[in-house]
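Student: quick one: sequence and predicted model below, then my questions.
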Amino acid sequence: MKKRKRLLIAPFAVYLAAAVYLLFMRHAASDLLFSEYVRQNTNFIPFFSFYVLYTTPYISYRVLVPFCVNLFGNLALFFPWGVLLPMLDKRLKNAKSFFPLTACVIIAVELLQLVFKVGICDIEDFILNMLGAAAGWLIIRRKTDC
């Protein structure tokens, strides 16, 4: 194993541990019935939160802060994935390998959050996570001149 790869394994493991905590363990599982949980904690309308923010007549701290945390948090969450994963595996410097794998991982995360009732299954999360991963991937791709 190359020295560079060995140096990247620890930060990637720390990133994965932090991501698992944020995605699955930060909040206690809901005690709602599954059908009720699904009704209350799914969003399949892209950019619905942007619509809500735009149509809210008075944008208060209570509306803006959760919106910004969701927006920037979801972008930031998968940014390290986009940076570190292609550096650990050369094959993932190729878009045809990186993006399908990333999409499958994010879909799995969203479905697991739903099944274990620990988060919201949200199309916006998928889109923003993909954009964050893409930003990291593009930066690494340009820096390493692949």
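Tutor: Looks like it came in fine.
Student: quick check on the residue lying farthest from the centre of the chain: phi, psi?
Tutor: Most distant residue from the mean C-alpha position of the chain: Pro57, 29.4 Å away (CA atoms, centre = their mean). Phi and psi for Pro57, reported as degrees, to the nearest 10, are phi -70, psi -30.
Student: do Ile45 as well
Tutor: Dihedral angles for Ile45 - degrees, to the nearest 10 - are phi -100, psi 110.
Student: what about the nearest residue to it once chain neighbours are set aside, neighbour count?
Tutor: Spatial nearest neighbour of Ile45, chain neighbours left out: Ile123 (6.9 Å); criterion: CB to CB, 6 or more residues apart in numbering. C-beta: built from backbone N, CA, C; applies to glycine. Ile123 has 15 neighbours, counted by other CB atoms under 10 Å.
Student: residues contacting Ile123?
Tutor: Ile123 makes contact with 43-46, according to CB atoms under 8 Å, 6 or more residues apart in numbering.
Student: could I get these as TSV with neighbour count, pLDDT and secondary structure?
Tutor: Below are the contacts of Ile123 laid out as TSV (neighbours: other CB atoms under 10 Å; pLDDT from 0 to 100; DSSP: H, G, I helix; E, B strand; the rest coil):
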residue	neighbour count	pLDDT	secondary structure
Asn43	14	95	strand
Phe44	9	96	coil
Ile45	11	96	coil
Pro46	13	97	coil
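Student: which of those lies closest to Phe99?
Tutor: Ranked by distance to Phe99 (CB to CB), those are led by Pro46 at 17.8 Å.
Student: which non-adjacent residue is nearest the residue positioned nearest the centre of the chain?
Tutor: Nearest residue to the geometric centre of the chain (CA atoms, centre = their mean): Asn129, 3.6 Å. Spatial nearest neighbour of Asn129, excluding adjacent residues (CB to CB, 6+ apart): Phe78 at 4.3 Å.
Student: I'd say that neighbour and Met130 touch.
Tutor: Yes. Counting by CB atoms under 8 Å, Phe78 touches Met130, with 7.3 Å between them.
Student: find residues that contact each of those two.
Tutor: Jointly contacting Phe78 and Met130 under the rule CB under 8 Å, 6+ apart are 102, 106.
Student: need the pLDDT of Arg4.
Tutor: pLDDT for Arg4: 81.
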